[in-house]
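1. below are the sequence and a predicted model; questions follow.
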Amino acid sequence: MSLLDVKNLNLGFNLSQGFKQVLYDVSFSLDKGKMLAIVGESGCGKTLTAMSILNLLPKNAEIKEGNIFFKEYNLLEKKEFQLQKIRGKNIALIPQDPMTSLNPLYTIENQIVEIIKTHRPNEKKIKEIALKSLKDVKIPNPEERLKSYPHELSGGMKQRIIIAMALACNADLIIADEPTTALDVTVQAQIMKLLKEIKETKNTAIILITHDLGLVFENADYVAVMYAGRIVEYSSKKELFENPKHPYTKALFNSIPDIIGEKLIPIEGQPPSINDSILGCPFNPRCKYVMDICTQKNPELLKNNESMVSCWLNS
Ligand SMILES: Nc1ncnc2c1ncn2[C@@H]1O[C@H](COP(=O)(O)OP(=O)(O)O)[C@@H](O)[C@H]1O
Ligand SMILES: [Mg+2]
């Protein structure tokens, strides 16, 4: 059994014009000590997938079908008070903007101590754990930093504090939703190095949500490529980079500027919005390999060698 098993997640929004589905049969699993990257253009459903695991969804969102198994729990059957215990302790979220997780009114020490008290109630050496977690994320002068308020720290330091909080609770799974998008490139590299070290030394599972394929290449073990609320390709990182199969994955690769300065080819057109209803494969209006069948029926996600691919070219 994997640490995390997301099975056939179907989610949508109850809007004034009725129910609009945005996630379709999203399934993946993740083992301890591995990193899964979820990639895809903005609006393809990456954050909603992650937030479903934490059950931190917008009020009008509804999961119509699916299961999320985490350790021995079926998360979608848990009550809010049970989920509160799991969140933070077992599953930690590193958001794009660290200030959404830090309280500007309290010192770092207060906040780390509070989270340890909540999630490890029998713990006596709270201060020591707080200090060790700051050391683990390589924060200089950790004693002093404990007394700081969030506004006294840089963006990169704040992100380290959030990671320290996940470590202080011994989280088994860290969900990092575009954790470095707001940071400059050098700090970004340091934060990713830290996440990779945590994965390797503490056997933590990590879901990395990003649109940066460079980060995926350097850090991930597995990759799920999402398009219009569906996983269209799912494979090991090695296989994805050596042998991308879905036309959308290939288009994503072609749209990154490479080091030798080869011309990048942007993907023409836009992903469908919540109000567009496209018959067949949702990528068909932008796909240069489009065939008749693609405009009639959506292909299933099927095994293709080492990968799972949803494309009529592979069926
Ligand atoms: N609160 C909301 N109400 C209605 N639709 C939403 C809401 N939040 C997200 N969506 C829809 O869900 C889609 C996926 O959103 P999201 O998971 O945030 O995408 P990503 O993280 O990949 O950029 C969006 O394109 C949008 O149409
Ligand atoms: Mg997002």
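-> Perfect, I can see it now. Ligands and ions are numbered 1, 2, ... in the order given.
2. from here on, contacts and neighbour counts on C-alpha atoms
-> Will do.
3. and the residue of the stretch 201-315 of the chain that's closest to ligand 1?
-> Sorted by distance to ligand 1 under Cα to the nearest ligand atom, the residues of the stretch 201-315 of the chain start with Ile274, at 4.6 Å.
4. okay, now that residue: neighbour count?
-> Using other Cα atoms under 10 Å, the number of residues around Ile274 comes to 15.
5. and what of Gln17?
-> Neighbour count of Gln17, defined by other Cα under 10 Å: 7.
6. low-scoring stretches of the protein, by residue?
-> Within the chain, the stretches with pLDDT under 70 are 257-263.
7. tell me the secondary structure of the single nearest residue of the stretch 51-200 of the chain relative to ligand 1, please.
-> The nearest approach of the stretch 51-200 of the chain to ligand 1 comes at Pro58, 5.3 Å away (Cα to the nearest ligand atom). Under DSSP: H, G, I helix; E, B strand; the rest coil, the three-state class of Pro58 is coil.
8. now do the contacts for Tyr248.
-> With contact taken as Cα atoms under 8 Å, 6 or more residues apart in numbering, Tyr248 is in contact with 227, 283, 287.
9. quick one: the last one and Pro247 touch, right?
-> Spelled out, it's Cys287. Yes: counting by Cα atoms under 8 Å, Cys287 touches Pro247, with 6.7 Å between them.
10. those two: who's more crowded?
-> When neighbours are counted by other Cα under 10 Å, Cys287 and Pro247 differ, and Pro247 comes out ahead with 21 against 18.
11. wait, the more buried one sits on Arg286?
-> No: applying Cα under 8 Å as the test, Pro247 and Arg286 come out as separate, 9.4 Å apart.
12. which outside residues touch stretch 216-230?
-> Under Cα under 8 Å, 6+ apart, the answer for stretch 216-230 is 22-26, 34-41, 43-46, 192, 196, 208, 210, 231-238, 240-241, 248-249, 271-272, 282-283.
13. oh sorry, the question was meant for stretch 187-202
-> Applying Cα under 8 Å, 6+ apart, the external contacts of stretch 187-202 come out as 33-35, 137, 156, 159-160, 180-181, 204-206, 215, 219.
14. who in the protein is up against ligand 1?
-> Residues of the chain lying close to ligand 1 (Cα under 6 Å from any ligand atom) are 13, 22, 42-48, 58, 273-274.
15. can you tell me which of the residues you listed end up in helices?
-> Of the residues of the chain next to ligand 1, the ones assigned to helices by DSSP state H are 46-48.
16. of those residues - the most surrounded one?
-> Lys46 (29 neighbours).
17. do I have it right that that residue meets Val39?
-> Yes: using Cα under 8 Å, Lys46 is in contact with Val39, at 7.3 Å.
18. returning to that earlier point: for Glu306, state which of the residues of the chain next to ligand 1 is nearest.
-> Lys46 (22.8 Å; Cα to Cα).
19. now do the contacts for the closest one.
-> By Cα under 8 Å, 6+ apart, Lys46 lies in contact with 38-40, 209, 226, 229.
20. any idea how far Glu242 is from Glu41?
-> Separation of Glu41 from Glu242 (Cα to Cα, to the nearest Å) stands at 21 Å.
21. pick out whichever of those two has more residues nearby.
-> Neighbours were counted for Glu41 and for Glu242 using other Cα under 10 Å; Glu41 has more, 17 against 8.
22. with adjacent residues omitted, what lies nearest to that one?
-> Leaving aside its sequence neighbours, Glu41 sits nearest to His211 (Cα to Cα, 6 or more residues apart in numbering; 6.5 Å).
23. backbone phi and psi for the one you found, please?
-> Phi and psi for His211, reported as degrees, to the nearest 10, are phi -110, psi 10.
24. what of the one 3 residues further on?
-> The main-chain torsion angles of Gly214 are listed as degrees, to the nearest 10 and equal phi -60, psi -40.
25. number of nearby residues for it?
-> Using other Cα under 10 Å, Gly214 has 11 neighbouring residues.
26. go on, Ser133?
-> By other Cα under 10 Å, 24 other residues sit near Ser133.
27. and the closest residue to it other than its chain neighbours, what helix or strand is that in?
-> Residue nearest to Ser133 in three dimensions, not counting chain neighbours: Ala164, with 5.0 Å by Cα to Cα, 6+ apart. Using DSSP states H and E, Ala164 maps to helix 155-168.
28. after that helix, which helix or strand is next?
-> Criterion used, DSSP H and E; the element after helix 155-168 is strand 173-177.
29. and the angle from the biggest helix by length in the chain to strand 173-177?
-> Secondary structure of the chain per DSSP H: the longest helix is helix 185-202. Counting by axes from the mean of the first three to the mean of the last three Cα atoms, to 10 degrees, helix 185-202 lies at 170 degrees to strand 173-177.
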